[in-house]
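J.: After the sequence you'll find the predicted model.
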Amino acid sequence: MSNPPQLSGVGPTLAAKLVKLGLHRDADLLLHLPLRYEDETRITPVRDAVPGEAAQFELEVVSTEIAYRPRRQLLCHVHDDSGTLLLRFLNFYPSQQKALQPGACLRAFGEVRGGFFGTEMIHPRFHVLHGEEPLPQALTPIYPTVAGVGQATLRKLIGNALQRVALDDTLPDELRGGLSGFAESIHQLHQPPGAASEMELTCALQPYWQRIRFDELLAQQLSLRRAYAARRTRGAPRLTAINSLTGKLLAALPFKLTRAQQKAWREIAADLAQPYPMQRLLQGDVGSGKTIVAALAMLQAAENGYQAALMAPTEILAEQHYRKLRCWLDPLGIPLAWLSGSLKRKQKNEMATAIASGEARLVVGTHALIEEDVAFAKLGLTIVDEQHRFGVRQRLALKQKAASPHQLTMSATPIPRTLAMSYYADLDVSLLDELPPGRTPVKTKLVTEGKRDQVIARVRDACAQGRQAYWVCPLVEESETLQLKTAEETFAHLTIDMPDLRIGLVHGRLRGEEKAAAMEAFTRGEIQVLVATTVIEVGVDVVNASLMVIEHAERFGLAQLHQLRGRVGRGITDSVCILLYASPLSQTARQRLKVIFETNDGFEIARQDLALRGPGEFIGARQSGMPLLRYADLDDTKMVDRARAAADKMLRDYPDFAERHLQRWMAGREQLLKA
Ligand SMILES: Nc1ncnc2c1ncn2[C@@H]1O[C@H](COP(=O)(O)OP(=O)(O)OP(=O)(O)O)[C@@H](O)[C@H]1O
């Protein structure tokens, strides 16, 4: 294979800097598009300069001096036929002073403003004119850059690339449907002709940006589809639906699966029976009943003679799954193994041996499952809960415990549709879009910190009626130690405020068994009020808990608040979530609390969260290393839909175009996407 083409005419030092901008090849330069433009196509008379607006002037230097008050600086008095102006340089080079000799003619670009010395420009960009110099025909692009790569360098490299690199259209005519041509779009965006105003320019460039955004989404869709197709060529064990164990479990359940659970289960059961690996995301709002679906999938693996492993991100959550699964599996006489970091070395070794021999068929655990010394005899299915909480490497590590296992991931953080389609298009998705019957929506109340006494009275009331309550401690993002201290203080205060109640405390620093003991005591009702950090955020399921207080709710993110609130309202009693907040609220905090107050719908909350935080934060892109779209907007559902449809058609009818399109957009980036 030949080496990929590199950047022409660029030395190694510059090349290393350009890589930071994602510029590896000449072709990448074409897609490095300007952030904005400066208009150097016209000369503005000094008289017509509008304060605060950038403009270009042609000026003659009258005099230049160094002033020392209020600080050392270079002052250059200039004029044109219509007026005078001062150019001011706070940090200047001798070469600048030398260039600005009386009588020199300049072209200077910058913002004019009223200043200490009259109408002035601070640090204008300028060059000395030596005779006639034609004005540029196009606007001057300003590119995203990094330290050590100047605009002039980028402009030159990009200008060369525009002449050298083929700008063939990778979109077949049939799919163009009103979009601008690729070559035209690229030329226009790099070198747009002058426009009368900013607004006019934005309108003029709109169709070209549209084309680029579409192309970017299309590339992403093509890439994800290719990954999807590649998966189908890999072999996986066929775990057919035998229905002896799964049938028994369904018959023994004290409830009937919801319509959504039935559908998800059908989809999963069918996937497991295929000769290629399942890669499915089971998405359901808090409390929608994902665990039973996971249990059924594990049983289907078991009845085909394979092992299944369920991994959860925290000990509490893993323990909770373990307990719930045992409730269902024990009566059927199916053993369930448990593996977590907090087991004693001896127990861990025994468990590892049982897993290696295949004796332990169904296993639930934490990260301990992916440790090197854990080897499975015949792993057919992996289930990862709250997958976004694991790093890419951890997720891959579980998968790599077998040649090509089926994979199910579960998430209670609803991913908005556009995001799911863009980032998870290589996954199949099952959706639990209804809650089990008999749940009453949680009432949310916003209460200021000052009314804490009333909140304490409410907790007392709830406990007097035989209910239980969570008291969530303030989040201290900057320091885990401080967070722990806050939790302990909250616990101490509440113990003083409510001496008659049985109060417990869980936080992330407790040892595994201590955490488990506290959770168990709460589950059994021995603890009435559980003071907790966000360790209880996911998965905790105590039906009798009907009140939740979240202190300093303004510090939490939307998804977190929704997850926390989901810990109540899991039974038939009316539940309340009290959000205690401290004033004054920042604009975003106010918006977040408003959203959480107004809706219980996880998908709506996720949509708003996306709007508030942007897609990068939302999917934990920093952690997963996925590149964000540079130009396209995921909120543009119509365009995402169109790109999806075009990707399907291109792969089917125009594979050459698809290949070239991917080459142009994705070379070097695809690896990132797969993570
Ligand atoms: N179809 C059903 N009918 C009644 N109850 C159900 C049904 N399915 C599940 N449940 C019960 O609902 C509760 C919530 O289920 P589960 O813990 O699986 O939810 P989840 O989707 O994992 O939610 P979370 O992400 O909040 O943990 C459990 O007590 C479970 O036994």
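T.: Happy to help now that I have it.

J.: going forward, measure contacts and count neighbours with C-alpha atoms only.
T.: Noted.

J.: Going by secondary structure, residue 531 is in what exactly?
T.: strand 529-532 (DSSP states H and E).

J.: Checking residue 431 next. Helix, strand or coil?
T.: Here residue 431 is strand, with the state taken from DSSP: H, G, I helix; E, B strand; the rest coil.

J.: Report how many residues lie close to it.
T.: Residue neighbour count, defined by other CA atoms under 10 Å, stands at 19 for residue 431.

J.: For the residue nearest to it when sequence neighbours are not counted, which three-state class applies?
T.: If you skip the residues right next to it in sequence, residue 431 has residue 283 as its closest partner in space, 4.9 Å away by CA to CA, 6 or more residues apart in numbering. Classification of residue 283 by three-state DSSP places it in strand.

J.: residues touching residue 409, list them.
T.: Taking CA atoms under 8 Å, 6 or more residues apart in numbering as the contact definition, residue 409 lies against 279, 280, 281, 282, 383, 384, 385, 386, 387.

J.: Of those residues, which belong to helices?
T.: Judged by DSSP state H, these include no members of helices.

J.: Rebuild those as CSV, extending it with distance to the ligand.
T.: Rendered in CSV, the data for the contacts of residue 409 read as follows (distance: CA to the nearest ligand atom, whole Å):
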residue, distance to the ligand
279, 19
280, 16
281, 13
282, 9
383, 13
384, 12
385, 9
386, 8
387, 12
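
J.: Make JSON lines out of these and add neighbour count and pLDDT.
T.: Compiled in JSON lines, those are given as follows (neighbours: other CA atoms under 10 Å; pLDDT from 0 to 100):
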{"residue": "279", "neighbour count": "21", "pLDDT": "88"}
{"residue": "280", "neighbour count": "21", "pLDDT": "91"}
{"residue": "281", "neighbour count": "23", "pLDDT": "88"}
{"residue": "282", "neighbour count": "25", "pLDDT": "91"}
{"residue": "383", "neighbour count": "27", "pLDDT": "95"}
{"residue": "384", "neighbour count": "24", "pLDDT": "91"}
{"residue": "385", "neighbour count": "29", "pLDDT": "88"}
{"residue": "386", "neighbour count": "20", "pLDDT": "75"}
{"residue": "387", "neighbour count": "21", "pLDDT": "67"}
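
J.: Identify the farthest-apart pair in these.
T.: Within the contacts of residue 409, 279 and 386 form the most distant pair, 14.8 Å apart (CA to CA).

J.: Does whichever residue of the stretch 101-250 of the chain sits closest to the ligand lie in a helix or a strand, and which?
T.: Taking CA to the nearest ligand atom as the measure, the point where the stretch 101-250 of the chain comes nearest the ligand is residue 250, at 10.5 Å. Secondary structure here is read from DSSP H and E; on that basis residue 250 sits in helix 245-252.

J.: Check which helices and strands that helix sits against.
T.: Packed against helix 245-252 by the contact rule (3 or more CA pairs under 8 Å, 6 or more residues apart in numbering; DSSP states H and E) you find helix 290-303.

J.: ok, back up a step: give the contact list for the residue of the stretch 101-250 of the chain closest to the ligand.
T.: When contacts are counted by CA under 8 Å, 6+ apart, residue 250 is found next to residue 256.

J.: can you do 6 Å?
T.: Residues in contact with residue 250, defined by CA atoms under 6 Å, 6 or more residues apart in numbering, are absent; none qualify.

J.: now do the one 10 residues further on
T.: Applying CA under 6 Å, 6+ apart, one finds that residue 260 lies in contact with residue 432.

J.: Same question for residue 639.
T.: Residue 639 makes no contacts at all, as judged by CA under 6 Å, 6+ apart.

J.: Where does it sit: helix, strand or coil?
T.: The three-state assignment at residue 639 reads helix, by three-state DSSP.

J.: Around residue 52, count how many other residues there are.
T.: Other residues close to residue 52 by other CA under 10 Å number 11.

J.: before we move on, what about the one 3 residues further on?
T.: Residue 55 sits with 23 neighbouring residues when counted by other CA under 10 Å.

J.: With residue 253 instead?
T.: The burial count for residue 253: 12, using other CA under 10 Å.

J.: What of residue 322?
T.: With other CA under 10 Å as criterion, residue 322 counts 19.

J.: pull the helix or strand with minimum mean pLDDT from this structure.
T.: The element with the least model confidence among the helices and strands of the chain, by mean pLDDT, DSSP states H and E, is helix 621-624, at a mean of 36.

J.: Looking at the contacts of residue 409, which is nearest residue 445?
T.: Looking across these and measuring by CA to CA, the closest to residue 445 is residue 386, at 27.5 Å.

J.: pretty sure the closest one is in contact with residue 411, am I right?
T.: Yes. Residue 386 is in contact with residue 411 according to CA atoms under 6 Å; the separation is 4.7 Å.

J.: for the record, mean pLDDT for the lengthiest strand in the chain?
T.: Using DSSP state E to assign secondary structure, the strand with the most residues in the chain is strand 54-67. Average pLDDT, strand 54-67: 93.

J.: which of the residues in that strand are buried?
T.: 54, 55, 56, 57, 58, 59, 60, 61, 62, 64 (16 or more other CA atoms under 10 Å).

J.: Pull the contacting residues for the last one.
T.: In this case it means residue 64. Under the criterion of CA under 6 Å, 6+ apart, the contact list for residue 64 reads 75, 76.

J.: how close does it get to the ligand?
T.: Spatial separation of residue 64 from the ligand under the definition CA to the nearest ligand atom, to the nearest Å is 70 Å.

J.: Same question for the second one.
T.: In this view, residue 55 and the ligand are 56 Å apart by CA to the nearest ligand atom.

J.: which residues does that residue bridge with?
T.: Beta-bridge pairing of residue 55, defined through DSSP bridges, involves residue 110.

J.: which residue sits closest to residue 364 in space, ignoring its chain neighbours?
T.: Distance criterion CA to CA, 6+ apart; nearest residue to residue 364, sequence neighbours excluded, is residue 310 at 4.7 Å.

J.: Mind listing the strands the one helix or strand that neighbour maps to pairs with, and their directions?
T.: In the assignment (DSSP H and E), residue 310 maps to strand 307-311. Paired strands of strand 307-311, with direction, are strand 362-365 (parallel), strand 379-385 (parallel) (DSSP bridges).

J.: Give me the contacts around the longest one.
T.: Okay, so that is strand 379-385. Contacts to strand 379-385, defined as CA under 6 Å, 6+ apart, come from residues 306-312, 402, 405-410.

J.: What residues does the stretch 551-675 of the chain have near the ligand?
T.: Within reach of the ligand by CA under 6 Å from any ligand atom, the stretch 551-675 of the chain has these residues: residue 566.

J.: can you tell me how far the residue in the stretch 551-675 of the chain positioned nearest to the ligand sits from residue 577?
T.: With distances taken as CA to the nearest ligand atom, the stretch 551-675 of the chain approaches the ligand most closely at residue 566, which sits 5.8 Å away. When distance is defined by CA to CA, to the nearest Å, residue 566 is 9 Å away from residue 577.

J.: Show me which residues of the stretch 351-500 of the chain sit near the ligand.
T.: Near the ligand, when you scan the stretch 351-500 of the chain using CA under 6 Å from any ligand atom, you find 412, 436.

J.: Show me the shaky parts of the stretch 351-500 of the chain.
T.: By pLDDT under 70, the low-scoring segments of the stretch 351-500 of the chain are 387-393, 395, 414-426, 476-478.

J.: show me where the stretch 151-300 of the chain has strands.
T.: Secondary structure of the stretch 151-300 of the chain (DSSP state E, counting those that start in this stretch): strands located at 279-284.
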